[in-house]
Each structure stands twice: as C-alpha cells, then as structure tokens.
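A.B. asks: next input, structure requested:
(chains A, B, C and D)
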2 protein chains.
Amino acid sequence: MPLRDMVVDEIRRLILDGQLAPGTHLVEDRLAEQLGVSRNPIREAIRVLGAEGFVTLPARRGAFVATLSAVEAQDFFDVRLALEPLGAKLAAKAAGPEGVAQLEEILERARVATEIGDHSALAELNSEFHTRVFQLSGNEYLVCVAVPMVRRGQWLFRQSVARRAPHSWTEHRALVSAIEAGDAELAETESRRHVLAARAAFPRS
Amino acid sequence: MPLRDMVVDEIRRLILDGQLAPGTHLVEDRLAEQLGVSRNPIREAIRVLGAEGFVTLPARRGAFVATLSAVEAQDFFDVRLALEPLGAKLAAKAAGPEGVAQLEEILERARVATEIGDHSALAELNSEFHTRVFQLSGNEYLVCVAVPMVRRGQWLFRQSVARRAPHSWTEHRALVSAIEAGDAELAETESRRHVLAARAAFPRS
DNA sequence: TGACCGAGTTTCGCATACAATGTCCGGATG
DNA sequence: CATCCGGACATTGTATGCGAAACTCGGTCA
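C.D. replies: Predicted structure coming up:
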C-alpha cells in the first residue's frame, strides 16, 4: 500500500478520533515529522481529504480541519435522507443471501460491542454497516458518492453514539430484514425512518 | 491561483472535451512536459481528479481516464434522480429574486448559444445552470457532493447535446418558473421530470 | 507452437532542495 | 495611543533527483 494512502487513513483517523480538532491548521512539515515521511505524500493526502470534505483548502494558506456547525449538520442529514433510502431500495433488489449474511455478521459484532460498551468500535461498525448497504446496492457511482458521506457521518455519530446506539441498531436490524425479504419499498421506508431518527437525536437540531 | 488548480482544470477540460479518451494512461512526465510544469503539481491534480471520479487510480500503476459504460451511466442517473429534485426543492424555498435572475441570465445565454448552434457552450451552460440551482439551495454539503456530479454529467451531456438541447432548456425554464414561484413541490417534480427525460434520451439506455 | 522468463526501459513513489508567498511582530509616525 | 510599514520567520508551492516497481519484448525451453 502506497505511503500516501496510509497517510490519508491516518490523518482521517486522527480527525475522526478528535485528536485533530476542527479548525486545526494542518502544517505539512509538522505532519511529515510526526508520521515520519516527507512532505510529498502528506500534500497528496491533503488533496484527497479536501475532496472528501474533511479539510478546507483556502488558496495559498494550507489546510484546516473542517468545522461542522449545527446548520451544516442539518445540511448533511438532508443529503443523507436523499441517498440512504436509495441505497437501501437498490440493496433490497440486488443483495443475495451472502450479502445479507455480511450485514448480519456486522449486526452480531455490533451486539457484542454494545454489550461491552465499546463506543469506538460501534462508530466503526456503524460506518461499516452503511457502507456495506451501499455496496450491496450494486450502484458503483452511488458508492463513490456515499462512502465519503458515511465517513463524514461517523464524525457526527460519535457525538450521539452513547445515547443513540441501542435504537440505531434496532433500526439497522429492521432494515436488514427488509433487504433479506427483498422488499425494496419497505427497505426504503426503514432507511428513511433511520436517518430521520438520527437527525432528531443529533444535538442542537 | 496555484499551478495545481490550473492543472486540475486543464486536465478535466481535456477529459470533458474528449481529447483525453476514456482509458487513456495519464503519464506524469508527459503531462508535465505538455503543460510546462513539474510532476509535483500534476500528481496532486491527479489525486483530486481521482476523488472526483474522472480518473481511476490502480495502486502503483498511475492514473487512467475513467470509462463510462452504459450500466455506469444508469447508476449515475439513479444518483442524480435522488439529488437534483432535492436541490430544486430547497432552491425553491431559499432562492431570492437575485438568485432567480442569475438562473434567467443563464437561460438567456443558452438561448443565444442554441441559436448559433454552439454545442460546447451549451454543455458548459448546462453545468453552470445545475450548479447554480444547487448553490441556491443553500445547502453547502449538497453543493460539495453535487458539483462533481454535475461535472461528470457534463461528460455524458456532450453525447446527447445535439438531440436533447432544445427540450432540455424548455425543462430548465419550467424549473426556473417553479423556483421563482417558490413552489418547492413543483420544483421537485419538474427537476425529476428533467432528469428522467435526460436518462431516457441517453444512448443505449 | 505456445508459455515462460529475464534484461532493459518506462514510469511511479518518495525525498530533498529551492523559490514564492503569507504571517506576525516590533518600531516609526501621525 | 492607534495605525501603518517593513523585515524576519514560517509555511506553502514548485522543481529536481534517485531508488523501486511494473511493463516490454526478445529469447528460450517444454
């Protein structure tokens, strides 16, 4: 795996973990030293993160960790409300038994993580679940658009994970049932309900 | 404006114009020589274009202009059908008189371009129109997601522009009327109709 | 005849070096 | 005392060099 891609993953992880707070100035020299690489992979990684929306890139002034205001969070949920039900609908049509099994395996891991209260793992599993649904839709372009959105959602998810997690995974189960039954309309409905609930649970909505 | 950004625009233009055919291997040295810059801005530009979906980036093998198969085009229209009506609905709620004036100015320029048969300008104006609608929605996250999609749409648009253009701009006018009237529901409907018509007009659909 | 393989070439990935620009602070000036 | 200006510093932008991986293509062997 190219160094550049590892740098992308690492910086994104630092942002999602909150170790790089919103507004932080990403200084290339400093990151290069911290990660033990030269500035070149760092710079390319920053372009990717900029395209994903994790950092803002004012011209000639470097990169800053993006901020997520309350209004921007609502904007985010509006878009999610358009794409998630679409993904669920298509997944219900396209997912085979093996696809459903993959989703159920994630549900099982989430159950364990819930029991032991591993919030960090739950955030990861949440992203993994939604990403998997999009992948099962069979729509490659949707995957391209939605994967960065899911990652961004993980950022928000962490803020409400403790309160929301149990309900969230109940809703996930309902969605998997609809996909398993191949009921596209129901899957769409369950997905919409899930996103609406997530929006309602978000602080300062 | 940094060289890197000019390189992004230039390579994207070459791809949209068809001067860089799908599947073409983007060799960094060659591009650097052609554009008269070093490889470094080229490499960063390629990362951006990769995130936008214009080039594919197999590990350790450079960059290739993305291909758009018929099935991928249908995938694209599915996503567009989810996002465009949302943008139209929000724009109808949020756009003021000056926003409507901007749209009408684009309509007028398109009318002129249609008369003189300037297909290249029409493709540009089509992108400009849809981008503007998304911007008028006031949803910044939607803009981030949709702008690359519109650019990608321009790629497809060129293939059917000669046949579709007159109908397309009639539909645009209907959408502007709905936005001007502040009728969110009608704007959503008109937008959906427009995307469906574009999909139906696309070759080999 | 067809598949394999290895040396030469091409091309990428990463590091380093240099240039340009932006930032910030201290001092001069009204 | 506030403001404006200038220069040193910090940081980004661009170019170049080198090592490594991948591709090419001719030859060889089954």
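A.B. asks: quick check: which ranges of chain A have low pLDDT?
C.D. replies: Chain A contains residues with pLDDT under 70 at A:204-205.
A.B. asks: near chain B, which residues of it?
C.D. replies: A:1-2, A:4-5, A:40, A:43-44, A:47-48, A:50-53, A:59-60, A:72, A:75-76, A:78-79, A:82-83, A:86, A:90, A:139-142, A:144-145, A:149 (C-beta under 8 Å from any C-beta of the partner chain). Every C-beta, even on glycine, is put in place using the N, C-alpha and C of the backbone.
A.B. asks: now, which of those residues lie within helices?
C.D. replies: Among these, DSSP state H puts A:4-5, A:40, A:43-44, A:47-48, A:50-52, A:72, A:75-76, A:78-79, A:82-83, A:86, A:90, A:140-142, A:144-145, A:149 in helices.
A.B. asks: ok, and which of the residues you listed reach DNA strand D?
C.D. replies: A:Asn40, A:Arg43 (C-beta under 7 Å from any atom of the strand).
A.B. asks: any buried residues in the host helix or strand of A:Ala187, and which?
C.D. replies: According to DSSP states H and E, A:Ala187 maps onto helix A:184-201. Residues A:Ala184, A:Leu186, A:Ala187, A:Glu188, A:Thr189, A:Glu190, A:Ser191, A:Arg192, A:His194, A:Val195, A:Ala198, A:Arg199 are the ones in helix A:184-201 that count as buried (16 or more other C-beta atoms under 10 Å in any protein chain shown).
A.B. asks: so can I have TSV of the residues you listed showing distance to DNA strand C?
C.D. replies: Listed next are the buried residues of helix A:184-201 as TSV, based on distance: C-beta to the nearest atom of the strand, whole Å:
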residue	distance to DNA strand C
A:Ala184	40
A:Leu186	44
A:Ala187	38
A:Glu188	39
A:Thr189	43
A:Glu190	41
A:Ser191	37
A:Arg192	40
A:His194	38
A:Val195	37
A:Ala198	36
A:Arg199	36
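A.B. asks: contacting DNA strand D as well, which ones from those residues?
C.D. replies: Within the buried residues of helix A:184-201, nothing lies near DNA strand D by C-beta under 7 Å from any atom of the strand.
A.B. asks: where does chain A come near DNA strand C, residue by residue?
C.D. replies: Going by C-beta under 7 Å from any atom of the strand, the residues of chain A near DNA strand C are A:Pro2, A:Leu3, A:Arg4, A:Gly36, A:Val37, A:Ser38, A:Arg39, A:Asn40, A:Pro41, A:Arg60, A:Arg61.
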